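>>> make a model of this:
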Amino acid sequence: MAGATVERGDSQKYQDKLLGLLGDRDPVAVLAETPNVVRRIAAEHPAELLRRRPYPGKWTPCEVIGHLCDSEWVYGYRIRLILCEKEPTILGMNQDDWVAGQRYNERDPRELAEQFAAMRRFNLHIWANLTAADRQRAGLHNERGRETLGMMVRMEAGHDLSHIDQITRYVEAARKM
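Reported below is the predicted structural model:
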């Protein structure tokens, strides 16, 4: 199942999409707000609605929340690698396999929202305290090439905005089913 509208294999389009969504907003502020938005969505909608698949071959809103959890694990590891090693290799992930393998649609969306918030809290501490020199540190992404922490924080914030929009659209579509 495809979670994103732009296929991740098209690295430049993917990066452009995420950075375009962020615009000139402060990425750390966006990252700080996302857990509250995800919690609100999970609290305002019944689990059954969030587990509905409104589009064949696409994730459910609950699975998108699970994907945000996965992304938080992955970004957390990547930022620590880059801060602590010299230009380490950072690996991509098959997001669809991760979502399916962890059976996120069988989980409680509120529990997933809390899991995401807890992990984000740990990573946000690092993002918020990066120095200008830290933001220039880079890793070598196996799909996208060299990425600095400065670029990664912006991309993660855009990733949040993309998936909040996706969840919102999918909840509306699921209501009409």
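>>> pLDDT value on the nearest residue to Val99 once chain neighbours are set aside, please?
Leaving aside its chain neighbours, Val99 sits nearest to Glu63 (5.0 Å; criterion: C-beta to C-beta, 6 or more residues apart in numbering). For the C-beta atoms, the positions are set from N, CA and C on the backbone; glycine is no exception. pLDDT, Glu63: 98.
>>> likewise Thr5?
The predicted local confidence for Thr5 is 43.
>>> how far does the helix-or-strand element of the chain with minimal mean pLDDT sit from the chain's center?
When each helix and strand of the chain is scored by mean pLDDT, DSSP states H and E, helix 11-22 comes last, with a mean of 92. Averaging C-alpha positions (C-alpha atoms, centre = their mean, to the nearest Å) puts helix 11-22 13 Å from its chain's average.
>>> list the buried residues in the helix or strand just after that helix.
Next in sequence after helix 11-22, counting helices and strands by DSSP states H and E, comes helix 27-44. For helix 27-44, burial by neighbour count (16 or more other C-beta atoms under 10 Å) applies to 27-28, 30-32, 34-35, 37-39, 41-42.
>>> pull out the buried positions in the helix or strand hosting Ala157.
Secondary structure assignment for Ala157, by DSSP H and E: helix 149-175. Of the residues in helix 149-175, those buried by neighbour count under the rule 16+ other C-beta under 10 Å are 149-164, 166-167, 170-171, 174.
>>> please save the CA atoms from stretch 52-61 in CSV.
The C-alpha trace of stretch 52-61 is given here as CSV (Å, rounded to 0.1, in the frame of the first residue of the first chain):
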residue,chain,number,x,y,z
ARG,A,52,-11.4,2.3,7.8
ARG,A,53,-9.5,2.1,4.5
PRO,A,54,-11.2,4.9,2.5
TYR,A,55,-9.1,4.2,-0.7
PRO,A,56,-8.1,0.8,-2.0
GLY,A,57,-4.3,0.3,-1.8
LYS,A,58,-3.8,3.3,0.6
TRP,A,59,-3.2,3.4,4.3
THR,A,60,-5.9,4.0,6.9
PRO,A,61,-5.7,7.0,9.2
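>>> contacting residues for Phe71?
Just so we're on the same page, residue 71 is Ser rather than Phe. Ser71 makes contact with 156, 159, according to C-beta atoms under 8 Å, 6 or more residues apart in numbering.
>>> let me know the angle separating the helix or strand that contains it from helix 149-175.
Here Ser71, judged by DSSP H and E, is contained in helix 61-84. Angle, helix 61-84 to helix 149-175, by axes from the mean of the first three to the mean of the last three C-alpha atoms, to 10 degrees: 170 degrees.
>>> quick check: next helix or strand after helix 61-84?
Taking DSSP H and E, what comes next after helix 61-84 is strand 89-90.
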